[in-house]
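S.K.: sequence unknown, structure follows:
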């Protein structure tokens, strides 16, 4: 019996796990390049600032969630959970702006490519051959 090997016949298709690994490499390269472009071209302007604070000659924007008066009012109306939910919402919203968007995009790219690599690795395992079928033939 001839053992069919993919390298013997160049016309056979590439195994699925190899194709998925190549897709993961493509996603990783394109995503990291894209995230680098976003990171280096983005500016961190404070469009939603409610004021500015000068410390040591540097200007820092004061965002709405950083103002203690608004946090106090929110806590009085909605409780501590409302303050935590507002802080979480502010943090999640900050992931999609400026240079932070490039970093977020890089982490998402690494996660998706890692998922492709893991899936390809799991597909590369061959099930054990049943030895009882070979002895019966």
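M.R.: Received it, and whenever you're ready, just let me know what you need. On a predicted model such as this, the values are computed, not experimentally measured, just so you know.
S.K.: now the residue sitting nearest the centre point of the chain: how far from residue 101?
M.R.: A centroid search over the chain (CA atoms, centre = their mean) returns residue 108, at 1.0 Å, as the residue closest to the centre. Between residue 108 and residue 101 the computed distance is 10 Å (CB to CB, to the nearest Å). From N, CA and C alone the C-beta is placed, and that goes for glycine too.
S.K.: Phi first, then psi, for residue 84.
M.R.: Torsion angles at residue 84 (phi, psi; degrees, to the nearest 10) stand at phi -60, psi -40.
S.K.: returning to that earlier point: with adjacent residues omitted, what lies nearest to the residue nearest to the centre of the chain?
M.R.: residue 31 (7.4 Å; CB to CB, 6 or more residues apart in numbering).
S.K.: How far off centre is the helix or strand hosting the one you found?
M.R.: When secondary structure is defined by DSSP states H and E, residue 31 falls within helix 16-41. The offset between the C-alpha centroid of helix 16-41 and the centroid of the whole chain comes to 11 Å, using CA atoms, centre = their mean, to the nearest Å.
S.K.: quick one: buried residues of it?
M.R.: Across helix 16-41, burial judged by 16 or more other CB atoms under 10 Å covers 20-21, 23-24, 27-28, 31, 35, 38-39.
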